[in-house]
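Q: sharing a model prediction with you, sequence too.
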Number of protein chains: 2
Amino acid sequence: MAREITGFSNPLVKRVRSLREKKYRKAEGLFLAEGLRILTEAREEGVLPEMLFHAGATHPLALELIDAIEAAGGDVIVTTPDILSKISGKDNAQALVGVYRDRLTPLAALDRSSADIWIVAQSLRDPGNLGTILRTGDAVGAGGLILIDDCVDPFSVESVRASMGALFTQSITQARWEEFLPWLRGGAGQLIGTSLKATQDYQEPAYQSPSFLLVGNEAQGLPADYEAQCDLLVKMPMRGKADSLNAAVATAVMAYELLNQRRKTS
Amino acid sequence: MAREITGFSNPLVKRVRSLREKKYRKAEGLFLAEGLRILTEAREEGVLPEMLFHAGATHPLALELIDAIEAAGGDVIVTTPDILSKISGKDNAQALVGVYRDRLTPLAALDRSSADIWIVAQSLRDPGNLGTILRTGDAVGAGGLILIDDCVDPFSVESVRASMGALFTQSITQARWEEFLPWLRGGAGQLIGTSLKATQDYQEPAYQSPSFLLVGNEAQGLPADYEAQCDLLVKMPMRGKADSLNAAVATAVMAYELLNQRRKTS
């Protein structure tokens, strides 16, 4: 049975709103996702929110989602557009906000043979870039995203929004480099870094599966000792005055090269 | 001679700070760019700010920049880190903020033969995407960015920041579709759209120079009648559950395909 909440000072509203901050997400193991498109994407992956807030949803897909959540024992809360805005932090709140259990996959649980492409990001700082990389990972059929060292929280509102639902289709793993490297070397897999110092063009190598595409921090790129561990260091052509690409863009250009090579050989 | 300003209520500080809003940028024909890297990139392109604010710059490149601005008759203002933060809207302000004359190139002034690739964006809404597309344009040696219909302001602080200096290396043109199309058809040029409805893979065609890569709005994509005007409609492979890429990512994947084809034939 749906509950109704119309008070701004309701403790549940305050608790859910607090999930916009990383420390509360971490403490609760929960995060927020907004909008019918993303919540439907999650449901198609078999992922339902523990709680759903809406302000009188009427879309058939929203009604199906509500039914599914209630059937699974989840909480559906009807509230006001103002409270939805307060929860989401957006002036123009999406008509649905879901509260999800966070979805980290331990390194040891990854099945590297399940995909040809894996994306590994090191100290990524921008939540929009992280979400965009997840979305690209989904598009190229990657297995998931492995976050190395101090990356921005993948469950931030901005990251979830930028992922456009790919947060629910891609596995997400967090690991230190010292954990990742022995795991990687314990099985098949080519570690591919992009570097301005590389001499090999990114279209030259014949990449092997599974490929682990290593992406560095937006400002610093990869640390030299991480580059030294790569099986291949490649560079993309740069015809301009500037010397770099946005991290999510560079990841996508590389990931499509990997996908295109597979398309030609399969 | 450098001036010193230490008061928050100084009219010039207020005026410059107002350039964070589009209506004041438009009224003044000025915009803000921040940080030594971007300002140096601009200087290398021969573009100097009309005013420069700093809080005691010591970097050799900053000192060179200050000399160049003063030699050109520009205004150099020494201020406090707090006022710099107030101007830039960032807690941790970059050590330099420049005030630049906006740099729009009329459609009629574009020399389409000067580059193989031109990027055309229609109703782009996200300033980060716009800046990222400029940065990609620089990387692939594009001639410039043509903004069609109601795009976000390319001179917003967010867009300038995301462009990482490419705002100064790429020409920027604003035009209505009704102006752009006759101009395009008045000379050589292939109009290439990406569309989920396309049947042709983006690696199939042999693209011709100059290529005009048409990118649609983040949420809606291209209007059907714009797609109908394209010489080629292509799609990128999508192996995932979601059905789309971030607009700046899709632009980059296409732009690198165009560049790669030219690299193979030249």
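A: Great, that's in hand. Numbering: from 1, shown residues only, chains lettered A, B, ... in the order given.
Q: show me what A:Ala33 is bridged to.
A: A:Gly98 (DSSP bridges).
Q: check contacts around it.
A: Contacts for A:Ala33 (CB atoms under 8 Å, 6 or more residues apart in numbering or on different chains) come out as A:Leu39, A:Ala42, A:Pro49, A:Val97, A:Gly98, A:Tyr100, A:Val160, A:Leu167, A:Phe168. Bear in mind the C-beta positions are built from the backbone N, C-alpha and C, glycine included.
Q: CSV please, covering those and showing secondary structure, neighbour count and pLDDT.
A: Converted to CSV, the contacts of A:Ala33 look like this (DSSP: H, G, I helix; E, B strand; the rest coil; neighbours: other CB atoms under 10 Å in any protein chain shown; pLDDT from 0 to 100):
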residue, secondary structure, neighbour count, pLDDT
A:Leu39, helix, 28, 95
A:Ala42, helix, 21, 95
A:Pro49, coil, 26, 97
A:Val97, strand, 29, 94
A:Gly98, strand, 25, 96
A:Tyr100, strand, 23, 97
A:Val160, helix, 27, 95
A:Leu167, helix, 30, 95
A:Phe168, helix, 24, 95
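Q: closest one of the residues you listed to chain B?
A: Nearest to chain B among the contacts of A:Ala33, counting by CB to the nearest CB, is A:Phe168 at 8.3 Å.
Q: nearest to A:Pro223, out of the contacts of A:Ala33: which one, please.
A: Comparing the contacts of A:Ala33 against A:Pro223 with CB to CB picks out A:Leu167 as the nearest, at 26.9 Å.
Q: ok, now how distant is the closest one from A:Leu39?
A: Going from A:Leu167 to A:Leu39 by CB to CB, to the nearest Å gives 11 Å.
Q: one more: A:Gln200?
A: Counting by CB to CB, the separation of A:Gln200 from A:Leu39 is 43 Å.
Q: over to A:Gln208?
A: Applying CB to CB, the value for A:Gln208 to A:Leu39 is 37 Å.
Q: check A:Phe180 too.
A: 32 Å.
Q: over to A:Leu32?
A: For A:Leu32, the distance to A:Leu39 (CB to CB) stands at 11 Å.
Q: report the contact partners of A:Leu181.
A: Taking CB under 8 Å, 6+ apart, one finds A:Gln229 in contact with A:Leu181.
Q: what do you get for A:Met236?
A: Contact analysis of A:Met236 by CB under 8 Å, 6+ apart lists A:Thr194, A:Asp201, A:Tyr202, A:Leu245, A:Ala250, A:Val253, A:Met254, B:Ala139, B:Tyr256.
Q: give me the pLDDT value at the last one.
A: Which is B:Tyr256. pLDDT, B:Tyr256: 98.
Q: in what helix or strand does the residue nearest to it when sequence neighbours are not counted lie?
A: Computed as CB to CB, 6 or more residues apart in numbering or on different chains, the closest residue to B:Tyr256 that is not its neighbour in sequence is A:Val253, at 4.9 Å. Following DSSP states H and E, one finds A:Val253 within helix A:247-265.
Q: quick check, A:Leu233 in a strand?
A: Yes. Judged by DSSP: H, G, I helix; E, B strand; the rest coil, A:Leu233 forms part of a strand.
Q: what residues are up against the residue nearest to A:Glu28 when sequence neighbours are not counted?
A: Distance criterion CB to CB, 6+ apart; nearest residue to A:Glu28, sequence neighbours excluded, is A:Leu19 at 6.7 Å. Counting by CB under 8 Å, 6+ apart, A:Leu19 makes contact with A:Arg25, A:Glu28, A:Leu30, A:Phe31, A:Leu32, A:Val99.
Q: pLDDT wise, what is A:Ile5 at?
A: Listed pLDDT for A:Ile5 reads 86.
Q: can you pull out the helices in the stretch 151-266 of chain A?
A: Under the criterion DSSP state H, counting those that start in this stretch, the stretch 151-266 of chain A carries helices at the ranges A:157-163, A:177-185, A:224-228, A:247-265.
Q: rewinding a little: which among the contacts of A:Met236 end up buried?
A: Buried subset of those (neighbour count, 16 or more other CB atoms under 10 Å in any protein chain shown): A:Thr194, A:Tyr202, A:Leu245, A:Ala250, A:Val253, A:Met254, B:Ala139, B:Tyr256.
Q: per-domain residue ranges of chain A.
A: Domain segmentation of chain A under automatic domain parsing yields A:3-101, A:107-265.
Q: distance of the residue nearest to B:Tyr256 relative to A:Leu259?
A: Distance, A:Val253 to A:Leu259, by CB to CB: 11 Å.
Q: now tell me which helix or strand of chain A has the poorest mean pLDDT.
A: Least confident helix or strand of chain A, by mean pLDDT, DSSP states H and E, is strand A:3-4 with a mean of 86.
Q: show residues contacting that one.
A: So strand A:3-4 is in contact with A:Asp75, A:Val76, A:Ile77, A:Val78, A:Thr79, going by CB under 8 Å, 6+ apart.
Q: narrow these to those in strands?
A: A:Asp75, A:Val76, A:Ile77, A:Val78 (DSSP state E).
Q: give me the nearest residue to A:Thr79, chain neighbours excluded.
A: Nearest non-adjacent residue to A:Thr79, counting by CB to CB, 6+ apart: A:Ile5, 4.9 Å away.
Q: what number of residues lie near that neighbour?
A: 16 (other CB atoms under 10 Å in any protein chain shown).
Q: that one touches A:Asp82, doesn't it?
A: No. Contact criterion CB atoms under 8 Å: A:Ile5 and A:Asp82 do not qualify, at 11.5 Å.
Q: how far away is the residue lying closest to A:Pro205 once chain neighbours are set aside from B:Ile133?
A: Nearest residue to A:Pro205, sequence neighbours excluded (CB to CB, 6+ apart): A:Leu232, at 5.4 Å. As for A:Leu232, its distance to B:Ile133 is 28 Å (criterion: CB to CB).
Q: over to A:Thr136?
A: 15 Å.
Q: now do A:Gln174
A: Per CB to CB, A:Gln174 is found 31 Å from B:Ile133.
Q: same check on A:Ala68?
A: Distance from A:Ala68 to B:Ile133, counting by CB to CB: 38 Å.
Q: do the same with A:Pro49
A: In this view, A:Pro49 and B:Ile133 are 34 Å apart by CB to CB.
Q: again, but for A:Leu63
A: Computed as CB to CB, the A:Leu63 to B:Ile133 distance reads 38 Å.
Q: out of the two, which sits in the more crowded spot?
A: Higher neighbour count among A:Leu63 and B:Ile133: B:Ile133, with 34 against 12, using other CB under 10 Å.
Q: next one, pLDDT for the more buried one please.
A: Reading off the confidence values, B:Ile133 has pLDDT 98.
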